[in-house]
Structure formats: structure tokens, C-alpha cells
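> got a predicted model here, sequence first, then my questions.
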Amino acid sequence: MLISGAGVAGPALAYWLQRYGFRPTVVERTPAERMGVGGHSVDLFGPAVDGRITLVGDAGYSPGPAVGGGTSVAMVGAYVLAGELHAAGGDHIRAFRGYEDRMHEFVRLARTIGLATMKSLIPATASQVWLMPRLIRLVTRLPVPLQRRLSALQGDPARALAAITVENYE
Ligand SMILES: Cc1cc2nc3c(=O)[nH]c(=O)nc-3n(C[C@H](O)[C@H](O)[C@H](O)COP(=O)(O)OP(=O)(O)OC[C@H]3O[C@@H](n4cnc5c(N)ncnc54)[C@H](O)[C@@H]3O)c2cc1C
């Protein structure tokens, strides 16, 4: 199995695949580890499966034009794809069908995240430009349980990310 891309989804998929006994190979285009640089938001807006090839993470289902949840969606996608390949005994046709079925509703909801995040995170006034980075820095220093409670107040994005219950494939 060849995994193209060692961003978020690629290594996560490789981890789960090797745990289920597969031997994946990961190739990466960039020569060095990316430090502190986000991914590129690409979305093909079509089926994420073509023959023996399927897409994971942003390449298959970027949550949208603004930041928010892309890494979570990529990690869930990697976990579900590896799990479906395991459950199907390596039969990729059956596994890809299960992967799309299980991801469909989660991806649909995840696409609401970008728009909701744009409304709340992109500052509209000079005072918001000043305040927003300070608030974000403050939130990351709070205890994790409190961060979770604050994140739940975000409404739609938080609900979208909590909308998938993943199977235990082991
Ligand atoms: C500025 C910015 C800020 C973001 N902030 C957040 C955030 O706060 N929270 C959040 O959850 N998400 C955020 N995201 C989104 C998040 O970065 C992505 O959703 C996530 O990286 C998707 O992971 P991925 O593995 O699908 O893609 P990527 O992380 O983009 O990895 C894809 C990898 O494939 C490699 N590649 C591409 N073409 C080839 C090729 N032909 N051969 C081999 N390798 C190839 C690339 O070099 C890259 O390393 C942000 C994105 C951006 C751009």
C-alpha cells in the first residue's frame, strides 16, 4: 500500500495500517519536515474513491475555506479507512465502500465548520484584530477540561466534530 503525503492523514493512516498487520509505504514530496506550517486546503468535491486509489484528509474532504477541524477530520478518516481495510481483510473494494458510508455524514457536517468558524474567528473591527490573538493565546493556557467546555460553546463546529462515533476495529 502506497500512501502519498506525510502531513496529518498519511502518518495516521500508516500507523493504523501497520497496527492491523499491513505494510504501508509513505512518500512525501517536501524534502524536510514541515515546522509550524498548516496544510493546503484542497477539495476535489467528488467521489473519494477511484479504482485502487482513495483519498484521505484535505485531499478528499477538506472541511472548508477557513480553518477549523481539518486535522480532526483527517485523523478520523485515516482511522476509519485503516479499520475498514482491516475489517474487509484487505478487500479494497468492500473497504472503500464502508469508508465512504461511514464518513459521509461526518464529512457533510464538517463542511459547516468552515463557514461557522469564519463568522466567529475572522475579526471584523480593529479592536477585534487586537483582541482575537490574545484570546486564542489565553484559551490554550487554560486547563484542558475548561478548553473543552469553551469549545462546546462554539455550537455547530463543536457538534459537527462530535458527530461521529468510530468503531473499535480491533
Ligand atoms: C493556514 C492554515 C491553518 C490551519 N489551521 C488549522 C487549525 O487550527 N485546526 C485544524 O484542525 N486544521 C487547521 N488547518 C487545516 C489542517 O492543516 C489540514 O486539514 C490538515 O493538515 C489536513 O491533513 P492532510 O494530511 O489531509 O493534508 P496535509 O497536512 O496538507 O498533508 C498532505 C501532505 O502531502 C504532501 N504531498 C502533496 N502532494 C504530494 C505528492 N504528489 N507526493 C507526495 N506527497 C505529496 C504534502 O507535501 C503534505 O505534506 C489549517 C490549514 C491551513 C492552511
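That came through fine.
> next secondary structure element downstream of the lengthiest helix in the chain?
For the chain, the helix with the greatest residue count under DSSP state H is helix 92-121. Downstream of helix 92-121, the first helix or strand assigned by DSSP states H and E is helix 126-141.
> does the next helix or strand after that following helix reach the ligand?
Per DSSP H and E, the first helix or strand lying C-terminal to helix 126-141 is helix 144-152. No. For helix 144-152, no contact with the ligand is found by CB under 6 Å from any ligand atom; the gap never falls below 11.6 Å. Using the backbone N, CA and C atoms, a C-beta is placed for each residue, glycine as well.
> what's helix 144-152 packed up against?
Secondary-structure packing of helix 144-152 (3 or more CB pairs under 8 Å, 6 or more residues apart in numbering; DSSP states H and E): helix 126-141.
> mind listing residues that contact the helix it packs on?
121, 123, 147, 150 (CB atoms under 8 Å, 6 or more residues apart in numbering).
> then stretch 22-34?
For stretch 22-34, contacts defined as CB under 8 Å, 6+ apart pick out 1-7, 10-11, 13-14, 17-18, 82, 85-86, 90.
> now with 6 Å, please.
1-4, 6, 10, 14, 17 (CB atoms under 6 Å, 6 or more residues apart in numbering).
> hmm, back to that, mind putting the contacts of helix 126-141 in JSON lines, pLDDT and neighbour count included?
JSON lines is the format used below for the contacts of helix 126-141 (pLDDT from 0 to 100; neighbours: other CB atoms under 10 Å):
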{"residue": "121", "pLDDT": "73", "neighbour count": "15"}
{"residue": "123", "pLDDT": "84", "neighbour count": "13"}
{"residue": "147", "pLDDT": "84", "neighbour count": "13"}
{"residue": "150", "pLDDT": "79", "neighbour count": "12"}
